[in-house]
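Enquirer: Give the three-dimensional model of this entry:
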Amino acid sequence: MVNKIFFITVLAGVPLSVVGRFMHWSEVLMFVIYCVTIIALAGYMGRATESLAIVAGPRIGGLLNATFGNAVELIISIFALREGLVAVVLASLTGSVLGNLLLVAGLSFFVGGLKHKRQEFNVYDARHNSGLLMFAVIVAFVIPEVFAQGMPEGKTMALSIGVSVILITLYLGALFFRLVTHRGVYQHKSEETGTHEEPEWSKGKALLILLISTGAVAFVSESLVHTFETVATRFGWSELFIGVIIVAVVGNAAEHASAIIMAYKNKMNIAVEIAIGSTLQIAMFIAPVLVLLSLLFQDSMPLVFTLPELISMVTAVLLAIVISNDGDTNWFEGATLLAAYLIMGIGFYLL
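Expert: Sure thing, here's the model as predicted:
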């Protein structure tokens, strides 16, 4: 039933998105159409990811989902940088970190926990990810903020470039570590004793659907960006709130849907890989790549966040580490993450 709804929504939503954009329909109406269409397309990305995860394993499946999902975020941010909206890009990166660690992980733990009283995932991966989260957010994001206080703009940008290169290098090293040199070394019992399952789609078909869905989401998301100013004025939303909450939630809709579906099916290794893996990819790859790409535009983007953004990300990382570090979760821990996200959301709305 849900798949039929997604199919009808995509079948109607994509043409309406194209027609409405060129016919200059009401931007508030188009905002709703774009959001609903992206959610439906995210459903297809989730199904494709699940098929790939069955074939290639939870790590590859989760990594593919995070990569394709974050490709949308990257595309939106590049368009925003071209328009000189550096503050919105930094806010959307903050929103992606908060959204994945608190909203996506929280909803996954909560929804999965309602059906399964206790859910386990790979504790070795959780501890590995905890160290990377501490480095990426608390070290690589805080240090530029601290040193930038006494630096001129040119030196701040030079510091940001240096940090970005180190982040990208370490992220590639982390992938090599997990997927090549230590693949299967730190295996969880749920991965060892997993039952054989037939994928819904073949590997080729799943990859094709994932590519097409990502392309469609990228087009709709880029169109969505142009409606933010009108919608913000109509509803009284600030630029910071749009970046942290709206852009981040919509831009990462694919991960949201996929992780929750996986958790409901008790495939927690994939759900956690999507939520945490996407956060690491945003912090260690997408953010530094955007810093380097911003050198091509008139306004470059230093890796320096505002104090509310920085404190929120550090708090989210510490809370996520404390909750996930034991490789075990339940619905109440999910509710705790969601409560933290709501508190921060209220703060950013009122700021």
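Enquirer: shaky segments in this protein?
Expert: 1-2, 57-59, 61-62, 65, 69, 184-197, 251-255 (pLDDT under 70).
Enquirer: Which single helix of it contains the most residues?
Expert: helix 27-56 (DSSP state H).
Enquirer: Check which helices and strands the following helix or strand past it sits against.
Expert: Downstream of helix 27-56, the next assigned helix or strand under DSSP states H and E is helix 58-82. Packing contacts for helix 58-82, counted by 3 or more CB pairs under 8 Å, 6 or more residues apart in numbering; DSSP states H and E, involve helix 27-56, helix 86-98, helix 203-225, helix 248-251, helix 253-264, helix 268-281, helix 287-293. Every residue, glycine included, has its C-beta placed from N, CA and C.
Enquirer: between these, which gets nearest to Phe305?
Expert: Nearest to Phe305 among those is helix 86-98; the distance by CB to CB comes to 5.6 Å.
Enquirer: Show me what the next helix-or-strand element following that closest one is packed against.
Expert: Toward the C-terminal end, the helix or strand that comes next after helix 86-98 (DSSP H and E) is helix 105-115. Packed against helix 105-115 by the contact rule (3+ CB pairs under 8 Å, 6+ apart) you find strand 119-120, helix 253-264, helix 268-281, helix 307-324, strand 328-329, helix 331-350.
Enquirer: From the rest of the structure, what touches the longest one?
Expert: The set of residues that contact helix 331-350 without belonging to it, under CB atoms under 8 Å, 6 or more residues apart in numbering, is 98-99, 101-103, 105-114, 237-238, 240-241, 244-245, 308, 312, 315-316, 319-320, 323.
Enquirer: residues of that helix that come out buried?
Expert: 331, 333-334, 336-338, 340-341, 344-345, 348 (16 or more other CB atoms under 10 Å).
Enquirer: out of those residues, what pair is the most spread apart?
Expert: Most distant of the buried residues of helix 331-350, by CB to CB, are Trp331 and Phe348, 25.8 Å apart.
Enquirer: Out of the helices and strands packed on helix 105-115, which is closest to His226?
Expert: For His226, the closest of the helices and strands packed on helix 105-115 is helix 253-264, at 17.9 Å, according to CB to CB.
Enquirer: List every C-alpha atom in that closest one, with coordinates, as CSV.
Expert: The C-alpha coordinates for helix 253-264 follow below in CSV (Å, rounded to 0.1, in the frame of the first residue of the first chain):
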residue,chain,number,x,y,z
ALA,A,253,15.1,12.9,3.4
ALA,A,254,16.5,9.8,1.8
GLU,A,255,18.5,8.8,4.9
HIS,A,256,15.6,9.6,7.2
ALA,A,257,13.2,7.2,5.4
SER,A,258,15.8,4.5,4.9
ALA,A,259,17.1,4.4,8.4
ILE,A,260,13.7,4.2,10.0
ILE,A,261,12.6,1.4,7.6
MET,A,262,15.7,-0.6,8.4
ALA,A,263,15.2,-0.1,12.2
TYR,A,264,11.6,-1.2,12.0
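Enquirer: Mind listing residues that contact it?
Expert: Here helix 253-264 has contacts from 38-39, 41-43, 45-46, 49-50, 53, 65-66, 68-70, 72, 99-100, 103-105, 107-109, 111-112, 115, 119, 213-214, 217, 249, 268, 270-271, 274-275, 278, using CB under 8 Å, 6+ apart.
Enquirer: if we can go back for a sec, so what does the longest helix of the chain touch, helix or strand wise?
Expert: Short answer (3+ CB pairs under 8 Å, 6+ apart): helix 27-56 packs on helix 2-23, helix 58-82, helix 203-225, helix 228-235, helix 248-251, helix 253-264, helix 268-281.
Enquirer: In a markdown table: the ones you listed, plus distance to Ala174.
Expert: Converted to a markdown table, the helices and strands packed on helix 27-56 look like this (distance: least, CB to CB, whole Å):
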| stretch | distance to Ala174 |
| --- | --- |
| helix 2-23 | 33 |
| helix 58-82 | 11 |
| helix 203-225 | 23 |
| helix 228-235 | 33 |
| helix 248-251 | 23 |
| helix 253-264 | 18 |
| helix 268-281 | 7 |
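Enquirer: Reformat those into a markdown table and put mean neighbour count and distance to Val123 next to each item.
Expert: Formatted as a markdown table, the helices and strands packed on helix 27-56 follow (neighbours: other CB atoms under 10 Å; distance: least, CB to CB, whole Å):
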| stretch | mean neighbour count | distance to Val123 |
| --- | --- | --- |
| helix 2-23 | 14 | 32 |
| helix 58-82 | 23 | 14 |
| helix 203-225 | 19 | 29 |
| helix 228-235 | 14 | 41 |
| helix 248-251 | 25 | 28 |
| helix 253-264 | 27 | 17 |
| helix 268-281 | 29 | 10 |
